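Engineer: predicted model follows, preceded by the sequence.
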Amino acid sequence: MDDLRFKIDAWRPDTIPMARLAEYMAELAALLGNEKAVHFVRLDQGSVQLVHRVDVEDQPKVEARLEAMRLGEGPSDATRAFRRIDGMLADDNATGTLAYDQDAVVIEFPGKNRPKPIDYGSVTQASSVDGVPIKVGGRKDSVAVHLQAPGLAGREYHCKASRSMARAIAAHLFEATIRVRGPATWHREGDGTWTLKELTIKDFEVLDGTPMADVVEQLRAVTGNGWRKVADPLATLAAIRGDEDSAH
């Protein structure tokens, strides 16, 4: 496996900000996976060309990952990294390629040339979201309530509530996970994901604090339950709830 070369056409080594270059390198490492086996080699002249090398023993895994990406079958973390890199290129009015050292292109990043996303607008409907209250306050009759979603993603939901409702929620600040319900406005992004813009809390409940891993083990203990056959139930539950990218 030859060295890999990530090329950005709109920057030169002497013009790209160091912080921006670091962002590209971080996302490129996430795209390739096997981060301990991928090493920076040099930054070539001309357009920014970030040359990197993969340890011999990990080359088959990286090659298989890149081939899956090329076929549109890459894992979710690689797909997210691709989208972030492509979005960064679009913001920089640039395009990019990932190629082997002999210029055999593996992945193209359309960047500025990608189709403009369709704005589907917003939808208002009855909804519910779960999270830990991390902010309750405001001088208006409609009080801001911010919830931090459970899980590693740490998504933040911006809600509002009446003063009496906010006072009741404040009793659980930074402690309990609650489920809030009410009319919510969602916006559909260009990639099809939904983003919560605002939810007006009409009622809430405190959720059972039992760790999810313990709940899954209880489910698996039930005879004839399909959860016994699921290899990674926590990841499956996250996917069902949309915790990887967005909630709706």
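Structural biologist: Cool, the structure landed.
Engineer: strands along the chain, start to end?
Structural biologist: For the chain, applying DSSP state E gives strands covering 4-8, 38-44, 48-54, 96-100, 105-109, 122-137, 142-148, 156-162, 178-188, 194-200, 203-206.
Engineer: same list (the ones you listed) but as JSON lines, adding distance to L21.
Structural biologist: Every C-beta, even on glycine, is put in place using the N, C-alpha and C of the backbone. JSON lines is the format used below for the strands of the chain (distance: least, CB to CB, whole Å):
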{"stretch": "strand 4-8", "distance to L21": "9"}
{"stretch": "strand 38-44", "distance to L21": "8"}
{"stretch": "strand 48-54", "distance to L21": "7"}
{"stretch": "strand 96-100", "distance to L21": "13"}
{"stretch": "strand 105-109", "distance to L21": "16"}
{"stretch": "strand 122-137", "distance to L21": "33"}
{"stretch": "strand 142-148", "distance to L21": "31"}
{"stretch": "strand 156-162", "distance to L21": "29"}
{"stretch": "strand 178-188", "distance to L21": "32"}
{"stretch": "strand 194-200", "distance to L21": "29"}
{"stretch": "strand 203-206", "distance to L21": "45"}
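Engineer: poorly predicted segments of this structure, please.
Structural biologist: The model of the chain has pLDDT under 70 over residues 1, 102, 151-154, 190-191, 209-212, 215, 224-225, 227-228, 233-235, 237-248.
Engineer: give the bridge partners for R181, please.
Structural biologist: S128, D203 (DSSP bridges).
Engineer: neighbours of it, just the number please.
Structural biologist: By the criterion of other CB atoms under 10 Å, R181 has 16 neighbours.
Engineer: with S142 as the reference, measure out to it.
Structural biologist: According to CB to CB, to the nearest Å, R181 stands 16 Å off from S142.
Engineer: G111 now?
Structural biologist: Where S142 is concerned, G111 sits at a distance of 41 Å (CB to CB).
Engineer: out of the two, which sits in the busier spot?
Structural biologist: G111 (21 against 13).
Engineer: next, the contact list for that one, please.
Structural biologist: Contacts for G111 (CB atoms under 8 Å, 6 or more residues apart in numbering) come out as 86, 89-90, 92-96.
Engineer: likewise V62?
Structural biologist: Counted by CB under 8 Å, 6+ apart, V62 has contacts 1, 32-34, 37-38, 54.
Engineer: and for the protein, the residue most distant from the center?
Structural biologist: Checked against the mean C-alpha position of the chain, the extreme residue using CA atoms, centre = their mean is T223, at a distance of 35.4 Å.
Engineer: roughly how far apart are that residue and M88?
Structural biologist: 50 Å.
Engineer: same question for V54.
Structural biologist: V54 is 22 Å from M88, by CB to CB.
Engineer: please apply the same query to L4.
Structural biologist: 18 Å.
Engineer: one more: L21?
Structural biologist: With distances taken as CB to CB, L21 is found 11 Å from M88.
Engineer: do the same with R80
Structural biologist: 13 Å.
Engineer: what does F204 give?
Structural biologist: Distance from F204 to M88, by CB to CB: 38 Å.
Engineer: the more surrounded of those two?
Structural biologist: F204 (22 against 18).
Engineer: quick check: end-to-end length of stretch 103-121?
Structural biologist: From its first residue to its last, stretch 103-121 covers 41 Å (CA to CA, to the nearest Å).
Engineer: could you find the closest non-adjacent residue to Q125?
Structural biologist: Leaving aside its sequence neighbours, Q125 sits nearest to A184 (CB to CB, 6 or more residues apart in numbering; 6.7 Å).
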